[in-house]
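Novice: quick one, what's the 3D model for this:
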Amino acid sequence: MESCAVRVTKFLLVFCIAAGGPACRCQQPDFPDTHLNLGVTLQLKGDLDGAIAEYRQALRLKPDYAKAHYNLGGALRLKGDLDGAIAEDREALRLKPDFPDAHLDLGVALRLKGDVDGAIAEYRQALRLKPDYPQAHNDLGGALKNKGDLDGAIAEYRQALRLKPDDVNAHFNLGVALRLKGDLDGAISEYRQALRLKPDFPAAQNNLAIALRLKGGVDGGHH
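Specialist: The predicted structure is shown next:
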């Protein structure tokens, strides 16, 4: 059964979200989970600065809160503060080494910083902890493609799609890798699948048109 404090916290959190104002946030009880949950809600509403403030408040109250470090890292990355994001993800992992989402987010930040090898290591660690992680397979595929390992990238994209067949980005990314390998038929099929799932996808529309033109040129050269 929930304690009275937990019930009060949940009530105040719901009330505050409904009210939606900074003054209400100031009246929140100082429970780390309350600030973390409010930060998540603010981030979903697009208020990154508000979310960051709430995550930092959660950490002031509970410095060893791995989830708050992880959430703060993700918000800082979205704000463009890659060094801050990397520091927070590393702290989350120091506190909780078996945290696949933090390994994935650290990999994303490292790749954006240009450290592709570091990113690959983090994606692989995420997959060691959680083998059925579609996003980690997809992101690992992207990093392997950056390194020129197209066969490795294609294998990872296919694994992502085995786990999540309706992953639009994985279909698109697989199409790009197949085109780079010279498999125009395979690329066209993947771009079309991406567009079936998301008709308003300009990059897929553009790549499909290019692949069809290339395919026409190749077929024409055979006659």
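Novice: now residue 182: how far from residue 150?
Specialist: Shown here: residue 182 relative to residue 150, a distance of 10 Å by C-beta to C-beta, to the nearest Å. Glycine gets a C-beta too; all of them are placed from N, C-alpha and C.
Novice: more neighbours: which of the two?
Specialist: residue 150 (18 against 11; other C-beta atoms under 10 Å).
Novice: OK, contacts around that one?
Specialist: For residue 150, the contact set (C-beta atoms under 8 Å, 6 or more residues apart in numbering) comprises 144, 177, 180-181.
Novice: what's stretch 104-123 in contact with?
Specialist: By C-beta under 8 Å, 6+ apart, stretch 104-123 touches 70, 73-74, 77, 82-83, 85-86, 89-90, 93, 103, 126, 133, 135-136, 139-140, 142-144, 146-147.
Novice: who touches the longest helix anywhere in the chain?
Specialist: When the chain is parsed with DSSP state H, its longest helix is helix 202-221. For helix 202-221, contacts defined as C-beta under 8 Å, 6+ apart pick out 172, 175-176, 179, 184-185, 187-188, 191-192, 194-195, 198.
Novice: the same query, at a cut-off of 6 Å, please.
Specialist: With C-beta atoms under 6 Å, 6 or more residues apart in numbering as the contact definition, helix 202-221 has outside contacts at 172, 179, 184, 187-188, 191, 194-195.
Novice: related to what we said a few turns ago, can you tell me which of the contacts of residue 150 are buried?
Specialist: 144, 177 (16 or more other C-beta atoms under 10 Å).
Novice: show me which positions of the longest helix of the chain end up buried.
Specialist: 204, 207-208, 211.
Novice: so how far is it from its chain's centroid?
Specialist: The chain centroid and the centroid of helix 202-221 are separated by 30 Å, computed with C-alpha atoms, centre = their mean, to the nearest Å.
Novice: so where's the protein uncertain?
Specialist: Low-confidence segments of the chain (pLDDT under 70): 1-29, 217-223.
Novice: can you rerun that using 90?
Specialist: For the chain, the stretches with pLDDT under 90 are 1-30, 215-223.
Novice: can you list the domains in it?
Specialist: Structural domains assigned to the chain are 28-63, 82-131, 132-223, following automatic domain parsing.
Novice: and the shortest one, which residues are buried?
Specialist: Right, the one you point to is domain 28-63. 28, 31-43, 47-48, 50-55, 57-59, 61-62.
Novice: quick check on the contacts of stretch 104-123: which are buried?
Specialist: Burial by neighbour count, 16+ other C-beta under 10 Å: within the contacts of stretch 104-123 this picks out 70, 73-74, 77, 82, 85-86, 89, 93, 103, 126, 133, 135-136, 139-140, 142-144.
Novice: look up how far residue 137 lies from residue 131.
Specialist: 9 Å.
Novice: same check, this time on residue 41
Specialist: Taken as C-beta to C-beta, the span from residue 41 to residue 137 is 29 Å.
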